[in-house]
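Engineer: Coordinates for the following, if possible.
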Amino acid sequence: MQNIYFALAIGLIWLHFAALSALAGWRFGSWAIGRAVSVVVIVTTAFFVEHIVGLGSLRYFWPFTAAGAAFYLWQQRDALKKGGFLGGELVYGLALAYGLTWRCLFPSIYQTAERLPDLVFISAFSDGATLPVMDHWLPPFKFDYYYSLQYYAAGLAGRWFQMPLGLTYNLSVVFLSALSLSLVWEIGARFVKSRALCLLLVATLALGGTGVSIINHVIVSAPSEESAVNERMWGSARFIGNYDQHVNTDIGRNLFTPNADPGFVPRELGMENFGYQYYLGEFHAPQGGYFLLLLAVALIVAAEFAAKEEKERSRLLQAAMGFSVPLLLAVNTWVFPQQVALVGGWALWRTWQGRKDAERKPDWMALIAGGVLAAVLLYPFMAGFADRSAPTPIKLVYPGDHTPVAQFIAQFWPLLLLFALGLWHRDTRRLTLFFVLVFGGLLVFSEVVFVDDPSAGQFERSNTVMKWWGWIWTGGMAALGAALLAAKVRWVRYATIAALAGTCVYAYDIAQFWRYQHEGDGANLYGTHFYTADQTARDMFRYLAAAPQGIVLENQYSDGYHEGGAYGAFSGKPEFVGWTNQLYNWRGYMGTISTRRQQANQFYSGEMQNPLGWAADNDLRYIVWNRRDTQPPGLWDRRNGELSPMYAWKAFGDESGRPVGMWVRKEARAG
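Structural biologist: Residues are numbered from 1 along each chain as shown. Down below sits the predicted model:
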């Protein structure tokens, strides 16, 4: 029955997206661009409005918008058929299918990477309160310290279509990724008519392979494929300073000679490109950054191909380009300078070309108007966000922190080859040269400077290159790959195909990963199976989801990446304190964070002397006591006696004579 519901939810969202494609596609000359720009404008406008007044649950909204979408598509059916609309939707549907395959095989939202924090961010926007909303990991403080537009979009979708949080998370990952892949197809289709070549370009981005994918199996040997599948998956992206340290074959040792200094610690320089996000399973900021990057590339390519008589369309495309730039401040600030370089660089490029051909000059008014409009819509968000942002100075890369040459070439050879081909062969209106200068220049820039965040030692540049390299790789492979596939010289086309296909050998690793590592929980897109395979935990999840709002207390088992906080996250309720390591990184070292962490640990360890007064003072409504909290023996009896004047015990199970459940504040008890 739940699969039928999932299918209905997917179909309902897709119906709305299809209507947006049909409505705006004519104006942009592209179904994919029309769809993407429409979603961006709607989300950003709603983001602005809800900083003034919250729109609430939107519970009764979707039937009217669904009826309107269906009516419009039916009314325009003949024109849409003739205009190639069904082909555009087929491309988007295939992109959805690829993402859904990943999420159905690996749907659980657990403590790996940033999955659980992403769910918490989405849950903060689930009730439609006026923004900025309360931080669900540190109530009653406001959630105004993190770039949150992407999470707001997911929360808005969850409210619009009345979806549980876990399903909202999983479908948001799928639909956002599909928006990006449909733009990659659009970029390719502008240059080449061959569907096979467009598919190769999309596969290059979707699979997530890198230059090192082609040699991973010969530089590191493993006892069996089953034992190595997980390492192969992250090895291609997190190669430099990580997977390259596992080299154990003669070929590998000859290619990557270790540093002769025994005291030297290799610098971890990972690259989490677009396709790697499917493996991570996150709904994290880089995904939104990749979407806006590919949208900007698609808009640039469309503007380049716009005929001289299509001035109004060109103006609209350029306005959308300008609109995309400020959005990075609210989606993924790390790559805001790169988006400025891409769009601003294109405008300067066209200005230079316009010296001899006035038709080539950019429409500065359209670009500026689009950027100003986006900035105005983001102003209420920026008013608080800018004040909370931690200082992150730019510094020169220290001599010992540069990327080893051999590893750099192994990782980036496909992109470096495209750079060389682009410099050698500059047809297609010389657009290839522009893309080489932008993405090649940014790659060089990443070896010269870095963002000096709190990371240090072997991780000094880790955060910077992880954000920058993935963006450069994704944009460079999409833009240059598409342009060079259309080269008139045959050997250039073949070399481009070789570069793209070389990364696609990663498909074998994906197939092996699917074969050996899939979660086998029946495509539970609610995302809870990791926890609710246990009947007791499942009952606790369901109870909290239906219970009234209130602060939840859960144990903090470590600084981060643990299951503490899952009950609050899936129920959409604020936690007394979330993962302290992440909170420190995002908020700075607030004393409140360490104090709350210490108090939570004291409660569960038995060191706290007056838990009732403390719980009342902090307005705790639900106190979770799960299987990991049953030690030491006798503590539950003591805590139950101390809390009984204000809290009632809600039992859900028993672990060897030790109760499992939660205390619920009596005046707020539900059920």
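
Engineer: Figure out the length between the terminal residues of stretch 579-592.
Structural biologist: With CA to CA, to the nearest Å as the measure, stretch 579-592 spans 13 Å from end to end.

Engineer: again with stretch 500-509
Structural biologist: Using CA to CA, one end of stretch 500-509 lies 16 Å from the other.

Engineer: For Ser389, report the pLDDT, please.
Structural biologist: pLDDT recorded at Ser389 is 62.

Engineer: Strands of this protein, residue ranges please.
Structural biologist: 394-396, 449-451, 551-553, 620-625, 647-655, 658-665 (DSSP state E).

Engineer: Just checking: what are the partner strands of the fifth one?
Structural biologist: In other words, strand 647-655. strand 658-665 (antiparallel) (DSSP bridges).

Engineer: coming back round to it: would you turn the strands of the chain into JSON lines with mean neighbour count, distance to Asn640 and mean pLDDT?
Structural biologist: Placement of C-beta: from N, CA and C, glycine included. Listed next are the strands of the chain as JSON lines, based on neighbours: other CB atoms under 10 Å; distance: least, CB to CB, whole Å; pLDDT from 0 to 100:
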{"stretch": "strand 394-396", "mean neighbour count": "11", "distance to Asn640": "54", "mean pLDDT": "92"}
{"stretch": "strand 449-451", "mean neighbour count": "18", "distance to Asn640": "49", "mean pLDDT": "93"}
{"stretch": "strand 551-553", "mean neighbour count": "25", "distance to Asn640": "15", "mean pLDDT": "97"}
{"stretch": "strand 620-625", "mean neighbour count": "25", "distance to Asn640": "9", "mean pLDDT": "96"}
{"stretch": "strand 647-655", "mean neighbour count": "16", "distance to Asn640": "6", "mean pLDDT": "90"}
{"stretch": "strand 658-665", "mean neighbour count": "21", "distance to Asn640": "8", "mean pLDDT": "93"}
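
Engineer: Which one of those lies nearest to Val335?
Structural biologist: strand 449-451 (11.0 Å; CB to CB).

Engineer: who touches the closest one?
Structural biologist: Contacts to strand 449-451, defined as CB atoms under 8 Å, 6 or more residues apart in numbering, come from residues 334, 392-397, 401, 460-461, 463-465.

Engineer: Ignoring the adjacent residues along the chain, who's closest to Pro454?
Structural biologist: Here the nearest residue to Pro454 in space, its sequence neighbours aside, is Asn585; by CB to CB, 6 or more residues apart in numbering that works out to 6.8 Å.

Engineer: Tell me how many other residues surround that neighbour.
Structural biologist: 17 (other CB atoms under 10 Å).

Engineer: And Ser194, by the same measure?
Structural biologist: Residues near Ser194, counting by other CB under 10 Å: 13.

Engineer: Count the residues that sit near Ser558.
Structural biologist: Ser558: 11 surrounding residues under other CB under 10 Å.

Engineer: List the backbone torsions phi and psi for it.
Structural biologist: phi -160, psi -170 (degrees, to the nearest 10).

Engineer: now that we're looking at it, which residues does it contact?
Structural biologist: Ser558 neighbours (CB under 8 Å, 6+ apart): none.

Engineer: quick one: it from Ala154, how far?
Structural biologist: When distance is defined by CB to CB, to the nearest Å, Ser558 is 27 Å away from Ala154.

Engineer: and the spatially closest residue to Leu329 that is not a sequence neighbour, what does it touch?
Structural biologist: Nearest non-adjacent residue to Leu329, counting by CB to CB, 6+ apart: Phe336, 5.6 Å away. Residues in contact with Phe336 (CB under 8 Å, 6+ apart) are 325, 328-329.

Engineer: Now distance to Tyr147 and neighbour count too, for the residues you listed, in TSV please.
Structural biologist: Supplementary listing: the contacts of Phe336 in TSV, determined by distance: CB to CB, whole Å; neighbours: other CB atoms under 10 Å:
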residue	distance to Tyr147	neighbour count
Val325	14	21
Leu328	8	25
Leu329	7	20
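
Engineer: What is the nearest of the residues you listed to Pro139?
Structural biologist: Nearest to Pro139 among these, with distances taken as CB to CB, is Leu329, at 25.6 Å.
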